[in-house]
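Asks: predicted model, plus sequence, below.
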Amino acid sequence: MKKKSNGQNSHRTATKVVTAGRDPASYHGFVNPPVYHASTVLYPSAEDFVAHRARYQYGRRGTPTTEALESALQELEGPQCAGVSLLPSGLAAISAALLAVVHAGDHILVTDSAYQPTRNFCEQVLKRLGVTTTYFDPVIGAAIADLFRPNTRLVYLESPGSLTFEMQDTAPIAKAAHDKGALVVMDNTWATPLYFRPLEHGVDLVVQAGTKYIGGHSDVMLGTVSANAATVEALKTSVRLNGLCEGPDDVYLGLRGLRTLAVRLDRHFENGVAVAKWLEARPEVLRMLHPALPSHPQHAIWKRDFTGACGLFSMVLKPVPQKAVYAFLDELDLFGIGASWGGYESLAIPFDCRAIRTATKWEPGGPTVRFHIGLEDVGDLCADLERGFAAMAAAAT
């Protein structure tokens, strides 16, 4: 928000979430920027048109609406961020980040715990373009240096993994990559820049599915890529040449969601830890997969590098028949069964990673369920889960 420039960069994150990217004076005093539905931009003269003398040149290449969200996200990412691109989905952001920096003949390293569509893009698109992928143990740390080849161009991180929640030790991995002349891309949707700033830990390109917490209401598809100075030109060029852009109404929804991100994320953090601790004490549960719990194998990494956690985590049940797991999920009233997460509502889905792991074996010891804890009352959520466990017990007999 541009009113007085003094002290803007010293504001705390919760204030930046509200003020960044806003300039009411430039839109007649209204709090929010107008939603520009635009393709053609008119120039005052033929000479200006030929010389491209205009702040905005074409609707696909940016409007005041998109600029507001990009500027806000750039400020939240910190001083290492040189620019942000908006994409039509989280997966579009992933593909845009990868295509911006890899070339035919390159080799890339991808965490074995990556979001499955990321793996699909590597195997079905990058492979066809002559890029080979090696998957690595997500907890490998600095030992990843042993996996580099002469043509290794990039390391792809997702910390924690959005199903199994292994934490990667970002800074040592980034150092190993840079020592070999490679770049680092990280999916930071789980933490958002409010709880972790990857660019400050050596990451070069940061991906977010803005569909999740930035939007926050399960009603928008949005992706973002934040770049450092070494990669921003390649990112912007790739996005422009591929004709990628986000629709104006979705950008507006992203802006609207961003303004309440700090308070929502704090509540997701609080509720998520409370429900995870409650589940950890249940006799039906073998173990929890939540980095903010002391029982998590990489809890020390989370505690050192992150300032919070969102509402997403998983649970491993003690062995029961699959029908009992389905009975548990079907009985839940406050937990919807559906893909995505990051909205105000709670979700629960079953999952099994055994078929997609290649560098590590996924042997959790029992059925697995992923939860997203929303903004409901914790007592009501636990009561709902209690009913689900009762249904599970009945179906298991």
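Replies: Cool, got the structure. The structure displayed is predicted, hence computed values, not measured ones.
Asks: got the CA positions of the one helix or strand Arg119 maps to in CSV?
Replies: Element membership for Arg119 (DSSP states H and E) is helix 116-121. In CSV, the C-alpha atoms belonging to helix 116-121 read as follows (Å, rounded to 0.1, in the frame of the first residue of the first chain):
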residue,chain,number,x,y,z
GLN,A,116,2.7,-37.2,-8.3
PRO,A,117,1.8,-34.8,-11.2
THR,A,118,5.4,-33.4,-10.9
ARG,A,119,6.7,-36.9,-11.5
ASN,A,120,4.2,-37.3,-14.4
PHE,A,121,5.5,-34.1,-16.0
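Asks: elements contacting the helix or strand that comes right after that helix?
Replies: Using DSSP H and E, the helix or strand that follows helix 116-121 towards the C-terminus is strand 132-136. When contacts are defined as 3 or more Cβ pairs under 8 Å, 6 or more residues apart in numbering; DSSP states H and E, strand 132-136 packs onto strand 107-111. Just so you know, the C-beta spots here come from the backbone N, C-alpha and C atoms, and that holds for glycine as well.
Asks: so the most centrally placed residue in the chain, which state does it fall into?
Replies: By Cα atoms, centre = their mean, the mean C-alpha position of the chain lies nearest to Thr189, the distance being 1.5 Å. Look at Thr189: counting by DSSP: H, G, I helix; E, B strand; the rest coil, its state is coil.
Asks: and what of Ile349?
Replies: Classified using three-state DSSP, Ile349 is strand.
Asks: contacting residues around it?
Replies: Leu329, Ile337, Gly338, Ala339, Val369, Arg370 (Cβ atoms under 8 Å, 6 or more residues apart in numbering).
Asks: mind doing that once more with 10 Å?
Replies: 163, 314, 329, 335-341, 368-372 (Cβ atoms under 10 Å, 6 or more residues apart in numbering).
Asks: same thing with Arg240?
Replies: Tyr58, Arg60, Arg61, Gly62, Ser85.
Asks: next helix or strand past the helix or strand where it lies?
Replies: Following DSSP H and E, one finds Arg240 within helix 232-241. With elements assigned by DSSP H and E, the helix or strand that comes after helix 232-241 is helix 248-258.
Asks: buried set for that next one?
Replies: Pro248, Asp250, Val251, Tyr252, Leu253, Gly254, Leu255, Gly257, Leu258 (16 or more other Cβ atoms under 10 Å).
Asks: tell me where the model's unsure across the protein.
Replies: Residue ranges of the chain with pLDDT under 70: 1-9.
Asks: now with 90?
Replies: 1-15, 17, 19-33, 397 (pLDDT under 90).
Asks: tell me where it has helices.
Replies: 13-19, 46-51, 64-77, 90-101, 116-121, 170-179, 192-195, 232-241, 248-258, 261-280, 299-305, 322-331, 378-396 (DSSP state H).
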